[in-house]
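In: Next come a sequence and a model predicted from it.
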Amino acid sequence: MILRAVVVALTALLSGCIIFDQKSEAVVFHQFAAPTGASAQDADGTPVFVPRAIIPTALRRPNVVLLDDAGWVHIEDAHRWIAPLDRAIPETVARHLRSRAGVITTTQTPSEDHVVLLLTVDKMEIFAPAGAERSIFSLPGGTDKASTATLQLTCRLEKADGTLVAVKTFDQSRPLKERTPAAFVQAQSANLAELSNEIAKWLPKPAPSSK
């Protein structure tokens, strides 16, 4: 009788491990889309250092977090970012600035004279129709044009010694094609690309470096 109980207990434990492994294998990792098209040539000017971004507390996790306009947080355990958002966002912006506008960017502190572009993520939200449940995954239907993904960044440009040069807030939003984490990441990738274009236009034209 005791032996049978031990066997049953071991079977339950092993079954639990198998289920856990199956869930682990089902995890999908996401990253922001890289710049597409021809890359602009680097300008001859002062490098722009883009350090880690400041992000809301709710987004400081590996999971894809859906924060709606009512303040509800929805954590998707099976969908995770391939890198922390405070690093992924500035790295993506830096790539867009270099590729689309020819801005010399770096995510490591340069030894030569440079300026610093500090990014603060004010909003990374989903705007959905009001209802008892505001998660885009619990709303009925397959498509809702009223559901949008929004992204707002505040940019602070400083000299290497910390002297403030300029501050400006940029925001973008676009409809979600589907109520899925993949569609959310795709929409935010597009938002980030458009915001990078606006940031590139806002940055002062660099003076040619002396050689």
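Out: That came through fine. What you are looking at is a predicted structure, and each value in this text was computed from that prediction instead of being measured.
In: show me the contacts for the closest residue to His30 other than its chain neighbours.
Out: Leaving aside its sequence neighbours, His30 sits nearest to Val185 (CB to CB, 6 or more residues apart in numbering; 4.4 Å). In short, each C-beta sits where N, CA and C put it, glycine included. Listed by CB atoms under 8 Å, 6 or more residues apart in numbering, the contact set of Val185 reads His30, Gln31, Phe32, Val64.
In: would you say the last one is within a helix?
Out: No: Val64 is assigned strand when assessed by DSSP: H, G, I helix; E, B strand; the rest coil, not a helix.
In: mind checking the end-to-end distance for stretch 158-171?
Out: Length of stretch 158-171, first residue to last, CA to CA, to the nearest Å: 21 Å.
In: buried residues in that stretch?
Out: By 16 or more other CB atoms under 10 Å, the buried positions in stretch 158-171 come out as Glu158, Phe170.
In: same check, this time on stretch 180-196
Out: Across stretch 180-196, burial judged by 16+ other CB under 10 Å covers 181, 183-196.
In: So which of those are in helices?
Out: If you go by DSSP state H, the buried residues of stretch 180-196 have 181, 183-196 in helices.
In: Can you show me the strands along the chain?
Out: Per DSSP state E, the chain carries strands over the ranges 28-30, 48-49, 63-68, 73-81, 105-106, 115-127, 148-159, 164-175.
In: picking up where we left off before, report the two of the ones in helices among the buried residues of stretch 180-196 separated the most.
Out: The distance between the two most remote of those (CB to CB) is 22.2 Å, for Pro181 and Ser196.
In: how far away is Pro110 from Gln31?
Out: Computed as CB to CB, to the nearest Å, the Pro110 to Gln31 distance reads 25 Å.
In: next one: Leu164
Out: Counting by CB to CB, the gap from Leu164 to Gln31 is 32 Å.
In: mind listing what the spatially closest residue to Thr105 that is not a sequence neighbour touches?
Out: Excluding the flanking residues, the one nearest Thr105 by CB to CB, 6+ apart is Ala94, at 3.9 Å. By CB under 8 Å, 6+ apart, the contact list for Ala94 reads Val48, Val50, Thr105, Thr106, Thr107.
In: Include distance to Leu153 and pLDDT when you put those residues into JSON lines, please.
Out: Formatted as JSON lines, the contacts of Ala94 follow (distance: CB to CB, whole Å; pLDDT from 0 to 100):
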{"residue": "Val48", "distance to Leu153": "15", "pLDDT": "95"}
{"residue": "Val50", "distance to Leu153": "12", "pLDDT": "97"}
{"residue": "Thr105", "distance to Leu153": "15", "pLDDT": "94"}
{"residue": "Thr106", "distance to Leu153": "19", "pLDDT": "93"}
{"residue": "Thr107", "distance to Leu153": "16", "pLDDT": "93"}
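In: any idea which of those has the most stuff around it?
Out: Scoring those on neighbours with other CB atoms under 10 Å, the highest-scoring entry is Val50 at 25 neighbours.
In: Understood, closing this out.
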